[in-house]
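1. can't give you the sequence, but here's the structure:
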Ligand SMILES: Nc1ncnc2c1ncn2[C@@H]1O[C@H](COP(=O)(O)OP(=O)(O)OP(=O)(O)O)[C@@H](O)[C@H]1O
Ligand SMILES: [Mg+2]
C-alpha cells in the first residue's frame, strides 16, 4: 500500500533517517531482525514523529518538541557516578548503560533460578518473543525503537519460581545520546516476582532515551512492578511498557515520574486470561517547565477480569502534566470490572493538567467507571494545619505527600512504597528551586 | 491577655463583624453566646488568622501586640488555639503525624528543641486517656470517619498537647452526648490555669454548668451587645435573644 508521501520532514526526522541509514548494518540481530528493522523504520517514516493530530499523543507534540536528536551510541561508556535513588532498598541490579546490558556492572545475587541475558544476544538468535507484545501497537516511537534497538536485558522468571528479592533494571544514560533500549521480561505460570525499573542520567545533558519493555506474565503469577523515572533535568524520556497477563494473575504496577524535561510513559496492558486482576498506579511530580505525559491503555479482551487505575499528578511552577487513559472492553469481556481515576493537584497558577480518560465498552454486562479531578490545595484544610502552628511549606508537604501516597501505596508493596514515598518527599523538600 | 478593640471584618465585601469590643484578662474564662449567624465563628476565625477576611478597622491585642497582620501559624506558636466548630477531615495524614508536626513546629518557632519520639508518645498517651481518645483513633487519618463527638474530643486533645495561652472553643459542646460533654468539660477545666485564657462559644447553658465562666458576652449582628456574669447565660436560656435582635448581619 502506498501511503501519501509526507512533504515536509522535520530536521529531527531527517537526522533519524541518516542515523538509521548509517547504523542499519551494525545494529545487532539475525537477518529476520534486520528485515524487521527495515519495516519498522518504514513505519516510522510513514507516520513521522507523533504530533498534535496523532490522537494518543495530542498533548505531547514530539514534532514540535524534538527540534533535534542527538547521535546514536557508538562506543561503550564508563558508568558515571550517579547517586542511587533507591539506596537502602534491597534488590538485585541489572545495569543497562546507553541501551546495552552490562553484566560486569550488575548484581544478580539472591535471584537464583532467574535467567538474565543481554537482549542483543536474543536479537542475534532471532528470538521470536521480541516484538510480540508490541505487535499490535501503532505508535511511531515504538517503531523507532524497533528499528534502532541496541539491546537491554532479557529476564526469565521460570514457572513456579517465587523470587522475593526485587530485581531492578537500572537504565543509565551517560551523555548526549539517543538510546533505544529493549527489555524482554517473561514471568512463568505460578511464579512471583517484584520488578523495578529505574531511569537516570546526567543532569545537564539533553539526551533522549527511548525504552520499550515487553512483558508476558503467565497464569496465576503474582507480579509487582514499579518504574521510577528520574532522568536528568534536560532529558527526553520516552518509555513504553507493554504487558499481557494470564489467567488469575495478580499484577500491580506503579509509575513514578519526576525527572526529564519532556517525558512520556505509556503502558499497554492486555488481559489474556480470565479472572485476573490488575492495579495500575501513577504518581507524577513536575515543576519548572517540565512536561510529563502518562498514557494508559487497558485492554479487557476476556471475561471476568478487574482493573483499578489510580493516577495522581502534582504540578508546580509552569509545568504540565498529562493523563490519557483508556479502558477497552471487548465484546467477549463480560463481567469486566474497571475503574479508572486520575487526580491532578496544581501548586501554581501557571501549571496545567490535561486529562482525557476514556471508556470503550462493547460488552453489556460490565461495571466500569472513570473519573478525573483537578484542583489546588484545599484552603480550609490548609488553614486547619496552619492554625496548629504548622508552617505553610510543611503543611503543603504533608498534604501533597498524603495525596501521592494513596497511589504509591496502591502498589501494595511496603518496601518499594516507602522508597518511592521518600523520593516524593525529597521532591517536595526541594520546592522553590526551579528545575532547569 | 486578649483585647479586641472596635474590630470590623468583612468577607467578600459583606461586613460581618461590626465593631467588636471584648477584653479577656489572663486566667479568665469568658463565654460568648448569641443567635445563629451573629458572627461568633467569624470572630474565632479572625482571631486565628484565617485568610479571606478583610479586617477593615480595629485591633486584636494579644499579649500586648496587635496580631491583626500576623500569619495564622505564627499566632498559633505565640499561643492562640482555636477548637473548630467543624473540625476538618484530612485523608492520608495520620493523626499522630499531624500531632507531632504541630507540636514540633510550635516548639521550633519558639526556639525549643523538638520532642523525642518517646517523650511525644508519653504526652499523647496521657492526654488521650483523659479524653477517651483511643489508640485506634490516633492511628486513623486525621478526623477521617470520626463521629462528631470524636472530632470534638480530638480538638481538645490537640489543645491539651499544645498548651495554648488563649484557647477559643467554638461550639465544642455541639454533637457531644452527655458523657462526652462531661469528659470534654473535665478536660477543659483541667487546662484552666492562671496563665491561660479561654473564650468559649456556645448556645447552651449545660456546657456552662460544667465550665463555669467568669463572664458571659452576648453577640448579636457582629457586636458584643451585653456582658454579664454567669447568671446572664441562665437569663438567655429563659428568655432567648428577642431583646437583642440587631439588624441582620
Ligand atoms: N464565606 C462567607 N461568605 C459569605 N458570608 C459568610 C461567610 N461566612 C460566614 N458568612 C456569614 O456571616 C454571618 C456570621 O456567620 P458565623 O458563622 O460567624 O455565625 P455564628 O454566630 O458562628 O453562627 P452559628 O451559631 O450558627 O454557628 C452569617 O450570616 C454567615 O452567613
Ligand atoms: Mg458558628
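-> Sure thing, it's come through. For clarity, every value in this text was computed on a predicted model and none was experimentally measured. Ligands and ions are numbered 1, 2, ... in the order given.

2. give me the pLDDT value at residue B:246.
-> With respect to pLDDT, residue B:246 has a value of 55.

3. how close does residue A:8 sit to chain B?
-> Per CB to the nearest CB, to the nearest Å, residue A:8 is found 49 Å from chain B. All C-beta spots, glycine's among them, are computed from the backbone N, C-alpha and C.

4. need the contact list for the closest residue to ligand 2 within chain B.
-> Proximity of chain B to ligand 2 (CB to the ion) peaks at residue B:41, 3.1 Å away. With contact set as CB atoms under 8 Å, 6 or more residues apart in numbering or on different chains, residue B:41 has these partners: B:85, B:170-171, B:201.

5. go with 7 Å
-> B:85, B:170 (CB atoms under 7 Å, 6 or more residues apart in numbering or on different chains).

6. near ligand 1 at all, the helix or strand hosting it?
-> When elements are assigned from DSSP states H and E, residue B:41 belongs to helix B:40-48. Yes. Helix B:40-48 lies within reach of ligand 1 by CB under 6 Å from any ligand atom, at B:40-42.

7. taking the stretch 301-436 of chain A, what residue is nearest to ligand 1?
-> Relative to ligand 1, the nearest point of the stretch 301-436 of chain A is residue A:380 (10.4 Å; CB to the nearest ligand atom).

8. need the residues of helix B:40-48 next to ligand 1 in TSV (columns: pLDDT and distance to residue A:410).
-> Below are the residues of helix B:40-48 next to ligand 1 laid out as TSV (pLDDT from 0 to 100; distance: CB to CB, whole Å):
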residue	pLDDT	distance to residue A:410
B:40	97	42
B:41	96	38
B:42	97	40
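
9. so which of those is the closest to chain A?
-> residue B:41 (12.7 Å; CB to the nearest CB).

10. sorry, back to before: closest to residue A:135 out of the residues of helix B:40-48 next to ligand 1?
-> Distance to residue A:135 across the residues of helix B:40-48 next to ligand 1 (CB to CB) is lowest for residue B:41, with 63.4 Å.

11. still on that earlier bit, surely the residue of the stretch 301-436 of chain A closest to ligand 1 touches residue B:88?
-> Yes. Counting by CB atoms under 7 Å, residue A:380 touches residue B:88, with 6.0 Å between them.

12. more neighbours: the two, which one.
-> For residue A:380 versus residue B:88, the count of surrounding residues by other CB atoms under 10 Å in any protein chain shown is larger for residue B:88: 16 against 13.

13. surely that one meets residue B:144?
-> No. Checked against CB under 7 Å, the pair residue B:88 and residue B:144 is beyond contact range at 9.8 Å.

14. next secondary structure after the helix holding residue B:41?
-> Remark: after helix B:40-48, the chain's next helix or strand is strand B:53-62, criterion DSSP H and E.

15. so which strand or helix has the residue lying closest to residue B:48 once chain neighbours are set aside?
-> Among residues not flanking residue B:48 along the chain, residue B:82 sits closest, at 4.1 Å (CB to CB, 6 or more residues apart in numbering or on different chains). Element membership of residue B:82 [criterion: DSSP H and E] is strand B:80-83.

16. can you pull the contacts of the residue lying closest to residue A:10 once chain neighbours are set aside?
-> Once flanking residues are discounted, residue A:10 sits nearest to residue A:63: 5.7 Å by CB to CB, 6+ apart. By CB under 7 Å, 6+ apart, the contact list for residue A:63 reads A:10, A:48-49, A:51.

17. need these in TSV with secondary structure, distance to residue B:3 and neighbour count, can you?
-> As requested, the contacts of residue A:63 are exported to TSV (DSSP: H, G, I helix; E, B strand; the rest coil; distance: CB to CB, whole Å; neighbours: other CB atoms under 10 Å in any protein chain shown):
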residue	secondary structure	distance to residue B:3	neighbour count
A:10	coil	70	19
A:48	coil	73	18
A:49	coil	69	22
A:51	coil	66	17
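
18. flag the least confident of those.
-> For the contacts of residue A:63, the pLDDT minimum is residue A:10, 92.

19. that one and residue A:289, how far apart?
-> 21 Å (CB to CB, to the nearest Å).

20. same check on residue A:155?
-> Residue A:155 is 36 Å from residue A:289, by CB to CB.

21. give me the contacts around the longest helix along chain A.
-> The longest helix of chain A (DSSP state H) is helix A:392-410. For helix A:392-410, contacts defined as CB under 7 Å, 6+ apart pick out A:254, A:279, A:281-283, A:310-312, A:314, A:345, A:377, A:381-382, A:385-386, A:417, A:420-421, A:424-425, A:428, A:431, B:73, B:91-93, B:101, B:105.

22. that helix: which residues count as buried?
-> In terms of neighbour count (16 or more other CB atoms under 10 Å in any protein chain shown), helix A:392-410 has its buried residues at A:394-410.

23. that concludes my questions; thank you for your assistance.
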